[in-house]
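*Asks:* when you get a sec, could you give me coordinates for this:
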Amino acid sequence: MPDESQPPDKQQPLELIPDFSYESRHEFVEKLAYKLWEQRGRPLGSPDVDWFAAEQAVYSSLAASGMITPSPNDRQNMREKIYR
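*Replies:* Okay, the predicted model is just below:
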């Protein structure tokens, strides 16, 4: 089990299951965003920061695994590629 007291950039890489559905990806992002929020000390009024960081982590993992092909305009289409 990874040390949850480590900052997000020191955590082990995410392990994703290649065939999980849209709902599972959404749930994964949701749980990761919550974990990131907890690690930041549960600040008020900043849910988008953790949600976006979670989506970026999931996108990076999907790209690294070859499940999606990154392209130059992915910053704008990241959500579409994650939740496809």
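*Asks:* where in this structure is pLDDT low?
*Replies:* Residues of the chain that meet the criterion pLDDT under 70 lie in 1-23, 74-76.
*Asks:* where do the helices of it begin and end?
*Replies:* 22-39, 47-65, 74-82 (DSSP state H).
*Asks:* just those helices: most buried one?
*Replies:* For the helices of the chain, ranked by mean neighbour count under the definition mean count of other Cβ atoms under 10 Å, the leader is helix 47-65 at a mean of 17. Quick note: C-beta positions are derived from backbone N, CA and C, even for glycine.
*Asks:* keeping just the C-alphas, turn that helix into CSV.
*Replies:* Extracted in CSV, the C-alpha atoms of helix 47-65 (Å, rounded to 0.1, in the frame of the first residue of the first chain):
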residue,chain,number,x,y,z
PRO,A,47,-12.7,21.0,-5.8
ASP,A,48,-11.8,21.8,-9.4
VAL,A,49,-8.1,21.8,-8.6
ASP,A,50,-8.2,18.2,-7.4
TRP,A,51,-10.6,17.0,-10.0
PHE,A,52,-8.4,18.4,-12.8
ALA,A,53,-5.3,16.9,-11.3
ALA,A,54,-7.1,13.5,-11.1
GLU,A,55,-8.2,13.7,-14.7
GLN,A,56,-4.6,14.6,-15.7
ALA,A,57,-3.3,11.6,-13.8
VAL,A,58,-5.8,9.2,-15.4
TYR,A,59,-5.1,10.7,-18.8
SER,A,60,-1.4,10.2,-18.4
SER,A,61,-1.9,6.6,-17.2
LEU,A,62,-4.1,5.9,-20.2
ALA,A,63,-1.6,7.4,-22.6
ALA,A,64,1.3,5.5,-21.0
SER,A,65,-0.6,2.2,-21.2
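*Asks:* and that helix, what does it pack against?
*Replies:* helix 22-39, helix 74-82 (3 or more Cβ pairs under 8 Å, 6 or more residues apart in numbering; DSSP states H and E).
*Asks:* next, the angle from it to helix 22-39.
*Replies:* 120 degrees (axes from the mean of the first three to the mean of the last three Cα atoms, to 10 degrees).
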